[in-house]
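**Student:** got a predicted model here, sequence first, then my questions.
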Amino acid sequence: MSDQREIVRATAAAASDSNAADESAPRLLFNPPIDIYETAEGLVLYADLPGVNAEGLDLQIQDNRLALFGRVKTVAQPEGIVHEEYKVGDFLRSFILSDDVDHEHISARLNNGVLRVELPRASRTEPRRIEVSTE
């Protein structure tokens, strides 16, 4: 759990807002819903991140862990709200990646609040016979 808190601190600092007052205020933190599909090339991950733009999104890989942090820009709430069902907050999710994922070729695209992360398979070397020489 402390690893996840460190990721939150590091990514929150990296995705900081221009409004300093919002930085000190407590913020809600959600686990975004995720869908993962297997394709012939590897895995594709979809995450719903409503309100997150590319500047507020931080994806990191460290020690085979993919961490995604999405910061939603705070907007002023209208006064006199009578009923509220939608809460605004930031998003955090992390995954342990297998050795089958090619970390160097992971790509991501954000479109209308939906993040698509492509996790291609790493190419495997073919087995080969090693000749042994005598001295």
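**Tutor:** Thanks, I have it.

**Student:** now the strands for this structure?
**Tutor:** For the chain, strands defined by DSSP state E occupy the ranges 29-30, 34-38, 42-48, 52-62, 65-72, 90-96, 107-111, 114-120.

**Student:** in JSON lines: those, plus mean pLDDT.
**Tutor:** Shown next, in JSON lines, are the strands of the chain (pLDDT from 0 to 100):
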{"stretch": "strand 29-30", "mean pLDDT": "90"}
{"stretch": "strand 34-38", "mean pLDDT": "95"}
{"stretch": "strand 42-48", "mean pLDDT": "95"}
{"stretch": "strand 52-62", "mean pLDDT": "92"}
{"stretch": "strand 65-72", "mean pLDDT": "93"}
{"stretch": "strand 90-96", "mean pLDDT": "93"}
{"stretch": "strand 107-111", "mean pLDDT": "95"}
{"stretch": "strand 114-120", "mean pLDDT": "95"}
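
**Student:** got the contact list for Pro33?
**Tutor:** Going by CB atoms under 8 Å, 6 or more residues apart in numbering, Pro33 touches Ala47, Asp48. Any C-beta I mention is one placed from the backbone N, CA and C, and that applies to glycine too.

**Student:** cool, Pro120 as well?
**Tutor:** So Pro120 contacts Glu41, Gly42, Val101, Asp102, His105, Ile106 (CB under 8 Å, 6+ apart).

**Student:** got a ChimeraX select line for the buried ones in those?
**Tutor:** Selection of buried members from these for ChimeraX, criterion 16 or more other CB atoms under 10 Å:
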select :42,101,106
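
**Student:** so which residues make contact with stretch 78-87?
**Tutor:** Residues from elsewhere that reach stretch 78-87 (CB under 8 Å, 6+ apart): Leu28.

**Student:** kindly recompute the last result at 10 Å.
**Tutor:** Applying CB atoms under 10 Å, 6 or more residues apart in numbering, the contact partners of stretch 78-87 are Leu28, Phe30, Pro50, Gly51, Gln77.
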